[in-house]
Each structure stands twice: as C-alpha cells, then as structure tokens.
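Peer 1: compute the structure for the input listed below.
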Amino acid sequence: MQKNSHLTWFQIPNFENPRTFFFLRHGETDWNYPEKRLQGQTDIPLNPMGHRQAEEIANMLRPPPFHRIISSDLQRAQQTAFYLHQKNPQLNSPILDHRLREIHLGDGEGLTWDDLEDSYAPGFRELWSKNTAEAYDLRFKTGESRREVLTRVLASVGDFLNNYPNETLIFVSHGFVIRSLVYLTSQIETPFFVPNCALVPFQWNQQNLVYTGSDSTTGLTQPVQNHNPYKF
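Peer 2: As a prediction, the model looks like this:
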C-alpha cells in the first residue's frame with residue numbers, strides 16, 4: 001500500500017531493510033464489556049474474559065514470531081504482556097513504555113457515548129471515528145488528539161526498532177492506538193473495530209510505514225472488522 005498522506009507531518013526514520021513488527025491489543029476489561037465505558041488512560045485491569053483471551057493468544061504465539069515484548073504501562077496491557085512472557089520464558093521480561101498508552105480522553109474517561117451526548121457538537125462522535133484530516137486534531141475536553149497520540153507512539157516504535165535492529169518486536173497497546181496506526185498507514189477510511197487481543201502486523205520499509213493487513217508467517221492476525229467503531 002502507498003504511504004498515507006497524513007504521514008507528512010511525522011518524520012519517519014529511514015531503515016535500510018524492511019522491519020516487520022506487531023501490535024497486540026490488550027484483553028477485555030469490564031469497561032470494554034459489559035459497561036462499554038470510554039477507558040482512555042484510566043487504569044482498568046483485565047476481567048476474567050480478558051485473562052482468558054490473553055492466555056489464549058499467548059498459547060497461539062508459541063513459538064513466538066517475535067524476539068522482544070514492549071508494552072504500555074497501563075495494567076491491562078501489562079497483564080496481557082505477562083501472558084506472552086509466561087508462555088515464552090526464554091524471552092526477556094516485557095519493557096514498559098508510557099508512550100504506548102491509550103489516548104487520554106480527558107473528561108470523557110469513565111463515561112459512555114450516551115453520557116457525553118449533550119456535551120459535544122452534533123457529529124462529534126461520527127467524526128471521531130473516521131479517517132479524515134480534520135479528525136487528527138479532534139479531542140475531548142482536556143484530552144489528547146489523534147495526532148498527539150501517533151506522535152508519541154511512532155516515536156516509541158522508532159526508538160525500539162533502532163535499539164534492537166536485528167529483532168522482531170511486538171508492542172502490546174490499545175484499541176484507539178492500533179486503529180489510528182492502521183488509518184495512518186493504509187487506505188482504510190471507514191470506521192472499524194480492533195478486537196481485544198487482535199494481532200496486527202506492520203512493516204517499516206525505509207521511510208514507508210504500512211499496515212500489512214495479515215500475517216503470512218503465523219496466520220494469527222484477527223481481521224480488522226467493520227464493527228462498533230466506538231468501543232475502546
């Protein structure tokens with residue numbers, strides 16, 4: 001796929017050889033389901049289903065198609081990363097990086113979209129979920145924009161790819177982060193849902209960062225679905 005034009009605002013490091021890496025969404029929390037609350041950076045742990053999901057994907061990823069685990073420092077991501085390491089103890093312990101956190105949603109955290117209905121202009125919810133130029137600077141009150149999230153996340157990815165040039169890395173992170181990366185690096189324009197514990201591959205080839213859509217090596221990547229764009 002061609003590089004998305006939104007990448008023009010971010011300086012992509014130049015890697016001579018293609019680098020494949022993975023993003024894994026954390027397992028389910030009670031705020032994902034059944035409560036369907038906007039989590040953001042509120043530090044909610046995995047629920048029993050989330051633990052089962054994390055253990056299941058960890059079992060599927062044996063032997064691992066990666067050499068090192070990097071994780072958001074929020075506990076739902078840390079707990080998911082723990083299962084990856086537990087099933088692959090030959091790997092180093094996960095490295096934590098706050099730059100991989102979910103988007104900060106400001107006054108939206110802990111609420112549902114229905115709770116926020118009267119606080120934002122008509123169309124805010126729909127625009128928030130789309131891959132459009134104006135959506136990159138949209139934010140909740142006192143929260144982050146998509147552009148700010150991608151700036152810190154891509155800085156993290158670039159640093160770790162530079163620090164471990166001969167390794168395939170997996171980054172355990174969050175739904176909005178992964179969806180934003182897919183939007184940024186693909187031609188996908190319609191809202192979609194990244195399931196809990198979905199494994200999503202990317203490739204950084206020289207200065208072209210692309211979402212590769214499926215992983216031909218492991219075949220474990222769950223499809224990105226056109227479903228419920230507001231659950232994160």
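Peer 1: so where is this protein shaky, pLDDT-wise?
Peer 2: 1-16, 206-207, 213-232 (pLDDT under 70).
Peer 1: again, 80 this time
Peer 2: For the chain, residues meeting the criterion pLDDT under 80 lie at 1-17, 117-118, 121, 186-192, 205-209, 213-232.
Peer 1: helix or strand for the residue most central in space within the chain, which one?
Peer 2: Among the residues of the chain, the one closest to the centroid is I178, at 2.7 Å (Cα atoms, centre = their mean). Assigned by DSSP states H and E, I178 belongs to helix 175-184.
Peer 1: show the subsequent helix or strand relative to that helix.
Peer 2: strand 199-206.
Peer 1: neighbouring strands - and their directions - for that following strand?
Peer 2: strand 15-25 (antiparallel), strand 208-211 (antiparallel) (DSSP bridges).
Peer 1: how about the helices in the chain?
Peer 2: All helices of the chain, identified by DSSP state H, fall at 48-60, 75-87, 124-128, 146-163, 175-184.
Peer 1: show me the contacts for H174.
Peer 2: Contacts for H174 were tallied using Cβ atoms under 8 Å, 6 or more residues apart in numbering; they are R25, H26, Q39, S72, L74, A77, L100, R101, E102, I103, F232. For glycine as for every other residue, the C-beta is placed from the backbone atoms N, C-alpha and C.
Peer 1: mind redoing it with 7 Å?
Peer 2: Contacts of H174 were listed using Cβ atoms under 7 Å, 6 or more residues apart in numbering, and they are R25, H26, S72, A77, E102, F232.
Peer 1: tell me how many other residues crowd P122.
Peer 2: 7 (other Cβ atoms under 10 Å).
Peer 1: re the thing from before, redo the strands paired with strand 199-206 as TSV? Include mean neighbour count and distance to P201.
Peer 2: Formatted as TSV, the strands paired with strand 199-206 follow (neighbours: other Cβ atoms under 10 Å; distance: least, Cβ to Cβ, whole Å):
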stretch	mean neighbour count	distance to P201
strand 15-25	19	5
strand 208-211	20	8
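Peer 1: partners of the nearest residue to R19 once chain neighbours are set aside in the sheet?
Peer 2: Spatial nearest neighbour of R19, chain neighbours left out: W204 (4.5 Å); criterion: Cβ to Cβ, 6 or more residues apart in numbering. Beta-bridge partners of W204, counted by DSSP bridges, are R19, L209.
Peer 1: hang on, W204 packs against T20?
Peer 2: No - assessed by Cβ atoms under 7 Å, W204 is found out of contact with T20, at 8.1 Å.
Peer 1: hmm, back to that, got JSON lines for the contacts of H174, with distance to D114 too?
Peer 2: Below are the contacts of H174 laid out as JSON lines (distance: Cβ to Cβ, whole Å):
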{"residue": "R25", "distance to D114": "24"}
{"residue": "H26", "distance to D114": "24"}
{"residue": "S72", "distance to D114": "27"}
{"residue": "A77", "distance to D114": "27"}
{"residue": "E102", "distance to D114": "20"}
{"residue": "F232", "distance to D114": "16"}
